[in-house]
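[1] Only the shape, not the letters, is given here:
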């Protein structure tokens, strides 16, 4: 009788162990999936930030070149003004 009780107890423990292993596998897969979802969300967020930084950089580069063009135009205008003033000064003498 005691031996039968021990065998039944061992079978019950094995059954519960199997159920716990199954639950563990399910929980582990859920945790991995949750981590993957969090990582995916973070990657999407980082991609959006990188895209925004690229756009800002392109805009900054464009403004930089606009400043250079404006400065070059102002210098060319100054040079032309000086040349015209010198020519007029020489012609008046």
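    Cool, the structure landed. All values derive from a computational prediction rather than experimental measurement.

[2] Where does pLDDT dip in the chain?
    1-3 (pLDDT under 70).

[3] and residue 86, how many neighbours?
    Neighbour count of residue 86, defined by other C-beta atoms under 10 Å: 10. Glycine gets a C-beta too; all of them are placed from N, C-alpha and C.

[4] So it versus residue 61, what's the distance?
    According to C-beta to C-beta, to the nearest Å, residue 86 and residue 61 sit 37 Å apart.

[5] State the distance from the residue nearest to the spatial centre of the chain to residue 18.
    Closest residue to the average C-alpha location of the chain: residue 46 at 2.1 Å, with C-alpha atoms, centre = their mean. Note on residue 46: its distance to residue 18, by C-beta to C-beta, is 42 Å.

[6] And residue 36, how close does it get to residue 24?
    18 Å.

[7] Over to residue 14?
    15 Å.

[8] which residues in this structure form strands?
    Counting by DSSP state E, one finds no strands in the chain.

[9] in it, which spans are helices?
    Taking DSSP state H to define them, one finds helices in the chain at 2-92.

[10] give me the number of residues near residue 18?
    10.

[11] Same question for the one 10 residues further on.
    Neighbour count for residue 28, taken as other C-beta under 10 Å: 10.

[12] Let the chain start at 37 from now.
    Taking 37 as the first residue, the last one we looked at is residue 64.

[13] Let me know the distance separating it from residue 77.
    Taken as C-beta to C-beta, the span from residue 64 to residue 77 is 21 Å.

[14] same thing with residue 105?
    43 Å.

[15] Also residue 69?
    From residue 69 to residue 77 the distance is 13 Å (C-beta to C-beta).

[16] for residue 114, same thing?
    For residue 114 relative to residue 77 (C-beta to C-beta), the value is 56 Å.

[17] Residue 123 now?
    Relative to residue 77, and taking C-beta to C-beta, residue 123 is found at 69 Å.

[18] now residue 84
    Distance from residue 84 to residue 77, by C-beta to C-beta: 11 Å.

[19] same question, residue 117
    Counting by C-beta to C-beta - residue 117 and residue 77 are separated by 60 Å.

[20] Understood, closing this out.
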